[in-house]
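> Build me a structure from this.
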Amino acid sequence: IPSEVGAERRMYLPLIAVLVVLVSGVRWLVGYAKIQWPSRATIPVAITVLVALAAGTVVRNSEYRSGLSIWETVLARYPHARAHENYAIQLRDAGRVDEAIQHLRIAAPDLPDAQHALGSALIERGDVAGGVAQLEAFVRANPRDREIASARAELSSAELRMIAGLLQQQRFEEGETAAR
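Residues are numbered from 1 along each chain as shown. Prediction:
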């Protein structure tokens, strides 16, 4: 599934086959070797295995404490454009816009949605000209994208802000050019 970087929850059903083979193998081994179940040796081994598995579960669950922490983990282990984009979204939601922009710059060349998000983040930070440039590039390159309507609306609004800023600075010729 392209939208899911890691879908661990989808592994429960396939793991049933592995567990059936494992349990059948242990049962065969106990029957073949005539091991008395449970023996004194098997209880400490079973407890050790259970403690190790429980510790692994606690560690993995701590990575899921927030969207920010899970995407940090993904970036640390398997850095790719989608991870940078999703991490940037989490950073932006946490109010860390400058950090989000850094990650969106990495993701934008490979992902149109990241380019759109980068344009929005730049505008949010106050870099209207940079945001407009990113949104214009997104609109030109992705005319059939599902987000094209919102990108065009955001682009129009940002262009109007940019023109208003030029006019306030009494840069009338540049404002007129931008308006045209």
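
> for the strand or helix carrying residue 16, which positions count as buried?
Using DSSP states H and E, residue 16 maps to helix 12-33. Across helix 12-33, burial judged by 16 or more other C-beta atoms under 10 Å covers no residue at all. No exception for glycine: its C-beta is placed from N, CA and C like everyone else's.

> Show me how far it is from its chain's centre.
36 Å (C-alpha atoms, centre = their mean, to the nearest Å).

> Which is the succeeding secondary structure element to it?
Counting by DSSP H and E, the next helix or strand C-terminal to helix 12-33 is helix 42-63.

> In that next one, which residues are buried?
Going by 16+ other C-beta under 10 Å, helix 42-63 has no buried residues at all.

> Please export the C-alpha coordinates of that helix as CSV.
What follows is helix 42-63, C-alpha atoms only, in CSV (Å, rounded to 0.1, in the frame of the first residue of the first chain):
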residue,chain,number,x,y,z
THR,A,42,12.5,-25.1,29.7
ILE,A,43,11.0,-22.8,32.3
PRO,A,44,13.9,-20.3,32.6
VAL,A,45,14.4,-20.4,28.8
ALA,A,46,10.7,-19.6,28.3
ILE,A,47,10.8,-16.8,30.9
THR,A,48,13.9,-15.3,29.3
VAL,A,49,12.3,-15.3,25.9
LEU,A,50,9.1,-13.8,27.2
VAL,A,51,11.0,-11.0,29.0
ALA,A,52,13.0,-10.2,25.9
LEU,A,53,9.9,-10.1,23.7
ALA,A,54,8.1,-7.9,26.3
ALA,A,55,11.1,-5.5,26.4
GLY,A,56,11.1,-5.3,22.6
THR,A,57,7.3,-4.5,22.6
VAL,A,58,7.8,-1.7,25.2
VAL,A,59,10.6,-0.2,23.1
ARG,A,60,8.6,-0.4,19.9
ASN,A,61,5.5,1.1,21.6
SER,A,62,7.5,4.0,22.9
GLU,A,63,8.3,4.9,19.3
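
> Listing request: residues of this structure with sub-threshold pLDDT.
Applying pLDDT under 70 to the chain flags residues 1-9, 34-39.

> Spell out the secondary structure type for residue 143.
Using DSSP: H, G, I helix; E, B strand; the rest coil, the secondary structure recorded for residue 143 is coil.

> Backbone dihedrals for it, please?
phi -70, psi -20 (degrees, to the nearest 10).

> Determine the number of other residues adjacent to it.
Residues lying near residue 143 (other C-beta atoms under 10 Å) number 9.

> Since that was my last question, I'll sign off now.
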